[in-house]
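Student: Got a sequence here, can you build the structure:
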Amino acid sequence: MLDAVSGALSPEFRSLFDEHVRSVNLVQRHGEGREVNMYRKDGRKVVFPERKLIEDVVEIVLATVSLRREGTKGRIAAKVWVVNGDLFEIIFNARMARVKEVASIEGVKLNEKFFAKREETSWQVPDRLAARWKVRDANPPLDKEARTEALSNFEVGLPDDYVQLMAEADGFRVDDWLVLGLEDVYETPGAPGTYVLAERRAKDEGCDLALVARPGRFVLFDVGDMPEIPVQALSFGGALDEAIVAK
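Tutor: Purely as a prediction, here's the structure:
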């Protein structure tokens, strides 16, 4: 039945749904009831999928599956519920004894309200960021664990306002510039403690100019001719503004 639901989903969402299905390792059926609950356990501990099917919604129906009972014209409906963002429960409109008589799956009806709500709650570029730059191809922030691990890789701390910016969007494009996310920042070759935070990549070509953070200042590094171009701004945002208009 869950395979039928999976087959009705878009390829992008199907992959996430299938992850939830594969993670289930304990199914609880209530013999006299109408529901089947799905859990994920690590030993005695209940665990949850890393990625949610939907954000900020306590419970909502994802799909209704129509089932035909063997040897009859009777139908059974099964609603697939998502609770706190996780695939959790199937509720039938008949007791389990009747469900056992099911001969085939007749169809799957996706809940349009689920996908409308999912679109509403999907991550979007914060207004403050969008108001400053014409941002595109932005990535949502890393989760707390990944963010902490990424920051631990730098012997010299990254600029404060860059780190704060990555809490809003972990990497994005503006004009010809690619602002690197925390996991993509790299140390300048031959210059320990200095880091490339953004690269100019016109028309998806290779990097010809890099915005580099040095202790207490920023510079533009010409990849071809190798000279450093001083930047007046003392913040990453200001330095990026200068970089955007650099020739």
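
Student: Would you mind listing the outside residues contacting the helix or strand bottoming out on mean pLDDT in the chain?
Tutor: In the chain, no helix or strand scores lower on mean pLDDT, DSSP states H and E than helix 96-99, which sits at a mean of 74. With contact meaning CB atoms under 8 Å, 6 or more residues apart in numbering, helix 96-99 is reached by 29-34, 67, 69, 76, 78, 92. Glycine gets a C-beta too; all of them are placed from N, C-alpha and C.

Student: again, but for stretch 186-200
Tutor: Contacts with stretch 186-200, where a contact means CB under 8 Å, 6+ apart, come from 154-156, 158-159, 162, 176-180, 185, 207-215, 221, 236, 240, 243, 246.

Student: One more: stretch 202-218?
Tutor: Under the contact criterion CB under 8 Å, 6+ apart, stretch 202-218 has outside partners 156, 158-159, 162, 176-177, 188, 191, 193-201, 219-224, 228, 230-231, 233-234, 236, 239-240, 243, 246.

Student: and with 6 Å instead?
Tutor: With contacts defined as CB atoms under 6 Å, 6 or more residues apart in numbering, stretch 202-218 is touched by 159, 176, 188, 194-201, 219-223, 231, 239, 243.

Student: just the buried members of those?
Tutor: With burial judged by 16 or more other CB atoms under 10 Å, the buried subset of the contacts of stretch 202-218 is 159, 176, 188, 194-200, 219-221, 231, 239, 243.

Student: Now, these that are in helices?
Tutor: Judged by DSSP state H, helices contain the following of the buried ones among the contacts of stretch 202-218: 239, 243.

Student: which one of the buried ones among the contacts of stretch 202-218 sits closest to P49?
Tutor: The nearest member of those to P49, counting by CB to CB, is L197 at 32.3 Å.

Student: In terms of pLDDT, where does that closest one sit?
Tutor: Looking at L197, its pLDDT is 95.

Student: Show me the protein divided up by domain.
Tutor: Following automatic domain parsing, one gets these domains for the chain: 2-121, 127-245.
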